[in-house]
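Asker: my questions are about this predicted structure, shown below with the sequence.
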Amino acid sequence: MTVGEAVDASGRPDEEYLGRLQIHDRVVAKIAARAAREVAEAGSAAPRVLGRTLPWSGRLGTRDSDLDAPPKAAVEVEGSVSRIELSIGVRWPASIPDVAEWVRDQVRTRVSHLTGLRVQEVEITVDDLILNQAPRARVR
């Protein structure tokens with residue numbers, strides 16, 4: 001239904017027409033990244049080239065691995081379904097499969113609750129182990 005069809009013959013708004021909401025992929029990606037950060041043992045991973053951390057990581061505008069920073073997120077939204085990819089760092093010595101599952105559950109719950117989208121898939125890549133940071137307080 002178009003905006004022109006949203007009014008009846010007398011010019012009053014059609015009460016059945018509620019409009020349309022479209023949430024941009026970048027917004028969903030930010031929500032997913034923030035949700036992943038809510039897991040105490042997960043954070044951002046430093047950028048890598050050929051499997052190695054960049055020598056200037058943490059300087060010159062690039063980020064370093066950090067539990068306080070949100071991870072990198074990419075999202076595809078098609079209709080009411082979303083697919084999310086996250087690149088995270090995990091605090092050593094936390095269990096990587098456990099942290100990945102906690103992050104997946106947190107992201108799925110937050111994105112669904114805040115956007116109304118159905119999260120079809122949350123793909124997680126662990127790019128780094130964070131060795132020198134104490135865990136944050138958990139949101140759970």
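Answerer: Nice, thanks for sending it over.

Asker: just the helices from this protein, written as ranges.
Answerer: Counting by DSSP state H, one finds helices in the chain at the ranges 25-37, 96-115.

Asker: okay, those, which one's buried deepest?
Answerer: helix 25-37 (a mean of 20; mean count of other CB atoms under 10 Å). All C-beta atoms are positioned from the backbone trio N, CA, C, and that covers glycine.

Asker: surely Ala36 touches Ala42?
Answerer: Yes. Between Ala36 and Ala42 there is a contact at 5.6 Å, judged by CB atoms under 8 Å.

Asker: what's stretch 109-118 in contact with?
Answerer: 21, 23, 27-28, 31-32, 34-35, 38, 77, 80-82, 84, 119 (CB atoms under 8 Å, 6 or more residues apart in numbering).

Asker: about what we covered before: take the helices of the chain and lay them out in a markdown table including distance to Ala69 and mean pLDDT.
Answerer: What follows is the helices of the chain, written out as a markdown table (distance: least, CB to CB, whole Å; pLDDT from 0 to 100):
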| stretch | distance to Ala69 | mean pLDDT |
| --- | --- | --- |
| helix 25-37 | 7 | 96 |
| helix 96-115 | 14 | 97 |
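
Asker: Throw those into CSV and include distance to Asn132, thanks.
Answerer: Listed next are the helices of the chain as CSV, based on distance: least, CB to CB, whole Å:
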stretch, distance to Asn132
helix 25-37, 18
helix 96-115, 17
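
Asker: among those, which is nearest Leu129?
Answerer: helix 96-115 (8.4 Å; CB to CB).

Asker: CA atoms of that closest one as PDB?
Answerer: C-alpha atoms of helix 96-115 as PDB (Å, rounded to 0.1, in the frame of the first residue of the first chain):
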ATOM      1  CA  ILE A  96      36.200 -20.400  23.200                       C
ATOM      2  CA  PRO A  97      33.200 -22.600  22.400                       C
ATOM      3  CA  ASP A  98      31.400 -21.400  25.600                       C
ATOM      4  CA  VAL A  99      32.100 -17.700  24.900                       C
ATOM      5  CA  ALA A 100      31.000 -18.100  21.300                       C
ATOM      6  CA  GLU A 101      27.700 -19.700  22.400                       C
ATOM      7  CA  TRP A 102      27.100 -17.000  25.000                       C
ATOM      8  CA  VAL A 103      27.800 -14.300  22.400                       C
ATOM      9  CA  ARG A 104      25.500 -16.000  19.900                       C
ATOM     10  CA  ASP A 105      22.700 -16.200  22.400                       C
ATOM     11  CA  GLN A 106      23.100 -12.600  23.600                       C
ATOM     12  CA  VAL A 107      23.200 -11.200  20.000                       C
ATOM     13  CA  ARG A 108      20.200 -13.300  18.900                       C
ATOM     14  CA  THR A 109      18.200 -12.100  21.900                       C
ATOM     15  CA  ARG A 110      19.100  -8.500  21.700                       C
ATOM     16  CA  VAL A 111      18.700  -8.100  17.900                       C
ATOM     17  CA  SER A 112      15.300  -9.900  18.000                       C
ATOM     18  CA  HIS A 113      14.100  -7.900  20.900                       C
ATOM     19  CA  LEU A 114      15.200  -4.400  19.800                       C
ATOM     20  CA  THR A 115      14.500  -4.700  16.000                       C
END
